[in-house]
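Visitor: take a look and give me a structure for this.
(4 chains)
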2 protein chains.
Amino acid sequence: MSSDAVPVAPDPKRERTGPRGQQVVDVLRNEIITGRFEPGERLIEATLSQELGTSRGPVREALRQLENEGLVVSEPYKGAVVLGVSDDEVQEVLIPIRLVLERYSFARALERMTEADFAELGKQIWVMERAARANDLPKVVEADLRFHDIVITSAGQLHTAQIWRTIWPRIRAYFFRYGRGASLEVMVEEHRELLDALQTRDPRLVLGMLEKHIVVRTPAPEAPATRRPRGEKGKAKARRASD
Amino acid sequence: MSSDAVPVAPDPKRERTGPRGQQVVDVLRNEIITGRFEPGERLIEATLSQELGTSRGPVREALRQLENEGLVVSEPYKGAVVLGVSDDEVQEVLIPIRLVLERYSFARALERMTEADFAELGKQIWVMERAARANDLPKVVEADLRFHDIVITSAGQLHTAQIWRTIWPRIRAYFFRYGRGASLEVMVEEHRELLDALQTRDPRLVLGMLEKHIVVRTPAPEAPATRRPRGEKGKAKARRASD
DNA sequence: TATTCCGGGATTGTCGACAATCAATGCTAG
DNA sequence: CTAGCATTGATTGTCGACAATCCCGGAATA
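Guide: Prediction:
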């Protein structure tokens, strides 16, 4: 499993991205979301810290952060294992919560975003479009993330933003594991429409657009009916609170 | 501020409550929710670790946990400060999210709770009632918490439970700071009705009861309109993403 | 043979010391 | 007198070592 570890420590040219732990979270979250780690897999602090070229401290904090983002569960003295998401829970809980968060955020952001903010959104769309053309899914996803983050941050509600940051990784991981719903081009187009709507500053228009954007676009072609993690390499372990 | 610290360390008779950090979280959360620490107040790791009779490690983890429960915000190299909740955000975001979580949980728990589970719920109601008679608010609140925790755990959905545990402290803190909505007796009665509904195992009845129970019982007497932290001891610092 | 108990190894939890960073203070120069 | 800057104190971030705990397997026993 320790094929291409990405040491995060001694990289002088890396502009200050904050403390080590912060970067460790980003690395691990990415590895989980993109499926490098499968649900049910154990994450050992010592191993990770070696691979990442840091001590166990930052790794520990990173794991706790991931736990709060729902990508991992851990029990005292037992350690952390990667967690899956059930189809049902995504549809019935995570998406509705996301809807609550974004409706509120967009409604508030609506009346307080500046031209500079709109420009920043435009920039993300531009990046997204280029990435879509190149079929670079990760980059599209990151721009998507940035887009929503900008809006939510503009709303200026700390709790809303904080909760959102613990919700999206799960949804992201879900869409990454099972096929994502819409084509890249459609995603780009939807965001363009969202930005247009925002610029009119018409609540009705924006919220309508938003619902269309978020609403369960999941049951795409062949959606998995059950949400069993599907990892399962031999050991029947990943299950917990199964049916 | 360091009047009656509650050292958590050397208590041999205290049955295994897990690692130190766990207990530290409970202590600090309580102090914040009950208002011992006011919004805007800084929490210094070294100070707390001394008061609690442990090292900085567990305190550090506790602070991160509190951050994920929305009781605290912290920036790198700057530390943690107690956070307030705006009336608006509670009504528009936290309560709706709680509604999503509990609707789903009750609906699922409905068809999988055993008689033993019901008995456990009954027990909490009994405790709650006694506490209500004695006007012991903290105890009522704890029983209330347990009640909902039992139901949500019975639903067996990890993400739902995990998110719920990051939502309720904020709501609780809110109701504690500004007056709570209902009288203790009403709370007890509502839970009794909830349990009765659950025992019929009729979804319509349960969900109806639930909505009535959760719905914004907030705008009680005089709810504060703005949510500014109100700490502010001299320095105009605690503000962040203010208006 | 089945069962209980007791290591031994692996892994997490805790601690104290040290390094990095921030914020305020006072000093210097213009 | 003011602006800029070095210095210093307080506080957080990181590290390595040690303690506590769990899990697995094997030996002793009935």
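Visitor: neighbours of the residue of chain A found nearest DNA strand D, how many?
Guide: Per CB to the nearest atom of the strand, the residue of chain A with the smallest distance to DNA strand D is residue A:20, at 2.7 Å. (Each C-beta comes from the backbone N, C-alpha and C, glycine too.) Residues near residue A:20, counting by other CB atoms under 10 Å in any protein chain shown, number 19.
Visitor: the residue lying closest to it once chain neighbours are set aside sits in which helix or strand?
Guide: Leaving aside its sequence neighbours, residue A:20 sits nearest to residue A:58 (CB to CB, 6 or more residues apart in numbering or on different chains; 4.4 Å). Secondary-structure assignment from DSSP states H and E places residue A:58 in helix A:56-68.
Visitor: how far out from the middle of the chain is that helix?
Guide: 17 Å (CA atoms, centre = their mean, to the nearest Å).
Visitor: the helix or strand following that helix and DNA strand D in contact?
Guide: Using DSSP H and E, the helix or strand that follows helix A:56-68 towards the C-terminus is strand A:72-75. No. Contact check for strand A:72-75 against DNA strand D, using CB under 7 Å from any atom of the strand: none in range, with a minimum separation of 7.7 Å.
Visitor: what are the contacting residues of strand A:72-75?
Guide: Around strand A:72-75, the neighbours that count as contacts under CB atoms under 8 Å, 6 or more residues apart in numbering or on different chains are A:32, A:43, A:63, A:64, A:66, A:67, A:80, A:81, A:82, A:83, A:240, B:158.
Visitor: give the burial count for the residue nearest to residue A:20, as a bare number.
Guide: The burial metric for residue A:58, expressed as a neighbour count using other CB under 10 Å, is 21.
Visitor: just the CA trace of the helix holding residue A:58, in CSV.
Guide: The C-alpha coordinates for helix A:56-68 follow below in CSV (Å, rounded to 0.1, in the frame of the first residue of the first chain):
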residue,chain,number,x,y,z
ARG,A,56,2.3,10.9,14.7
GLY,A,57,0.9,14.2,16.2
PRO,A,58,-0.3,15.8,13.0
VAL,A,59,-1.5,12.5,11.6
ARG,A,60,-3.5,12.0,14.7
GLU,A,61,-5.2,15.4,14.3
ALA,A,62,-5.8,14.7,10.7
LEU,A,63,-7.6,11.5,11.5
ARG,A,64,-9.8,13.2,13.9
GLN,A,65,-10.6,15.8,11.3
LEU,A,66,-11.5,13.1,8.8
GLU,A,67,-13.6,11.5,11.4
ASN,A,68,-15.6,14.7,11.7
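Visitor: quick one, phi psi at the spatially most central residue of chain A?
Guide: Nearest residue to the geometric centre of chain A (CA atoms, centre = their mean): residue A:169, 3.0 Å. Here the main-chain torsion angles of residue A:169 (degrees, to the nearest 10) amount to phi -60, psi -40.
Visitor: without its sequence neighbours, what residue ends up closest to it?
Guide: Counting by CB to CB, 6+ apart, residue A:69 is the residue found nearest to residue A:169 once chain neighbours are left out, at 4.3 Å.
Visitor: contacts only, for that neighbour.
Guide: Contact analysis of residue A:69 by CB under 8 Å, 6+ apart lists A:29, A:165, A:166, A:169, A:170.
Visitor: strands of chain A, residue ranges please.
Guide: Along chain A, counting by DSSP state E, strands occupy A:42-43, A:72-75, A:79-82.
Visitor: just send these back as CSV, with distance to residue B:151 and mean neighbour count too.
Guide: Conversion of those to CSV gives the following (distance: least, CB to CB, whole Å; neighbours: other CB atoms under 10 Å in any protein chain shown):
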stretch, distance to residue B:151, mean neighbour count
strand A:42-43, 30, 18
strand A:72-75, 20, 17
strand A:79-82, 25, 20
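Visitor: wait, which of these is closest to residue B:110?
Guide: Comparison of those against residue B:110 by CB to CB identifies strand A:72-75 as nearest, at 24.6 Å.
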